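Q: Just to be clear, the model below is a prediction. Sequence and coordinates:
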Amino acid sequence: MAGHPLNPEAGSTPVPDDPREVAAAVRAGELSLELTPYYGFRYGERGRRFTRSDSAFLVTLATHTRPVVERQILWLAGLLSNRGMPSVLLEQHLRVLHRALCRAIPRRAASYERLVEAAGLLLEARRARLPDEACRALSRSFVREAGLPPTRLALGTGWLLAGAVADEGSGMRSAVSSVASWFTDPEHFPPRFVSAVQSTVAEARAAVRRGPARR
């Protein structure tokens with residue numbers, strides 16, 4: 001039996017039949033990798049392969065009903081978050097993928113709306129734990145404590161940590177540990193950075209415990 005066309009390690013993960021959709025999925029994956037350097041830093045070439053195959057799988061969901069799509073997205077979000085990829089990354093990729101597909105095959109734009117709806121589902125789940133302003137504040141706090149310039153990469157790290165804590169609050173039990181274990185590795189990061197990661201996680205957890213009404 002032939003292997004997966006995009007990633008030999010992906011097994012029987014489905015891909016679209018339309019080569020235009022496959023190409024759009026690959027383009028969207030490459031853009032998401034550019035938008036979030038964390039993928040490459042942590043997961044390397046293996047992460048790139050799975051980005052391609054997962055992106056193609058997401059395209060196949062567009063033909064299903066909304067309840068099916070939501071179940072699949074929540075399942076995938078939990079799986080990825082517990083492996084070090086907070087659901088905010090999947091949310092971002094769904095939007096990138098939607099734009100790539102609509103450009104490639106405009107007449108199917110209505111069916112691709114399922115992907116934007118799924119991104120909205122993840123967004124609302126995160127906001128229920130940590131509103132956007134709280135995530136931005138945590139990102140800025142992380143940058144200050146780590147002694148970094150406020151670049152997109154540095155702020156993005158703080159946002160990832162906040163997103164992981166929000167996922168943890170939604171029941172993804174290993175969401176924080178799977179991310180923090182890498183960002184606190186002294187072989188990769190200096191003590192001040194590690195300390196900033198730990199304090200940002202603690203601050204985010206405190207914000208989740210306080211709840212939206214008191215934030």
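A: Cool, got the structure. Residues are numbered from 1 along each chain as shown.
Q: So what touches stretch 118-130?
A: Contact partners of stretch 118-130, identified using CB atoms under 8 Å, 6 or more residues apart in numbering, comprise 61, 69-70, 73-74, 77, 87-88, 90-92, 94-95, 98, 135, 138, 162-163, 165-167, 169-170, 204, 207-208, 212. For every residue, glycine as well, the C-beta is placed using N, CA and C.
Q: Please type out the ChimeraX selection for whichever of these turn out to be buried.
A: Here is the ChimeraX command that picks out the buried ones among the contacts of stretch 118-130, judged by 16 or more other CB atoms under 10 Å:
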select :61,69,70,73,74,77,87,88,90,91,92,94,95,98,135,138,162,163,165,166,167,169,170,204,207,208
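Q: Next step: the contacts of stretch 118-130 restricted to helices.
A: With helices taken from DSSP state H, the overlap with those comprises 61, 69-70, 73-74, 77, 87-88, 90-92, 94-95, 98, 135, 138, 162-163, 165-167, 169, 204, 207-208.
Q: what about the protein, any weak spots by pLDDT?
A: The chain contains residues with pLDDT under 70 at 1-3, 212-215.
Q: mind listing the helices for it?
A: Listed in chain order, the helices found in the chain under DSSP H are 19-35, 38-61, 66-81, 87-104, 109-129, 132-146, 152-169, 175-183, 191-210.
Q: and among those helices, the most buried is which?
A: Of all those, helix 152-169 has the most neighbours on average by mean count of other CB atoms under 10 Å, namely a mean of 23.
Q: Export that helix to CSV, keeping only CA atoms.
A: Coordinates of the C-alpha atoms in helix 152-169 are reproduced here as CSV (Å, rounded to 0.1, in the frame of the first residue of the first chain):
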residue,chain,number,x,y,z
ARG,A,152,7.3,39.5,17.4
LEU,A,153,9.3,36.4,18.4
ALA,A,154,9.7,37.4,22.0
LEU,A,155,6.1,38.5,22.4
GLY,A,156,5.0,35.4,20.7
THR,A,157,6.7,33.3,23.3
GLY,A,158,4.8,35.0,26.1
TRP,A,159,1.6,34.5,24.1
LEU,A,160,2.4,30.8,23.7
LEU,A,161,2.8,30.4,27.5
ALA,A,162,-0.5,32.2,28.1
GLY,A,163,-2.2,30.0,25.5
ALA,A,164,-0.8,26.9,27.2
VAL,A,165,-2.2,28.0,30.6
ALA,A,166,-5.6,28.7,29.0
ASP,A,167,-5.6,25.2,27.5
GLU,A,168,-4.7,23.8,30.9
GLY,A,169,-7.7,25.6,32.3
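Q: Format the helices of the chain as TSV; extra columns: distance to residue 10.
A: Supplementary listing: the helices of the chain in TSV, determined by distance: least, CB to CB, whole Å:
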stretch	distance to residue 10
helix 19-35	12
helix 38-61	4
helix 66-81	13
helix 87-104	16
helix 109-129	19
helix 132-146	31
helix 152-169	23
helix 175-183	20
helix 191-210	31
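Q: Looking at those, which is nearest to residue 4?
A: helix 38-61 (6.0 Å; CB to CB).
Q: Residues touching that closest one, excluding its own?
A: Counting contacts by CB under 8 Å, 6+ apart, the residues touching helix 38-61 from outside are 4, 6-10, 13-16, 21-22, 24-26, 28-30, 32-33, 68-69, 72-73, 76, 84-85, 89, 93-94, 97, 101, 114-115, 118, 156-157, 160, 182.
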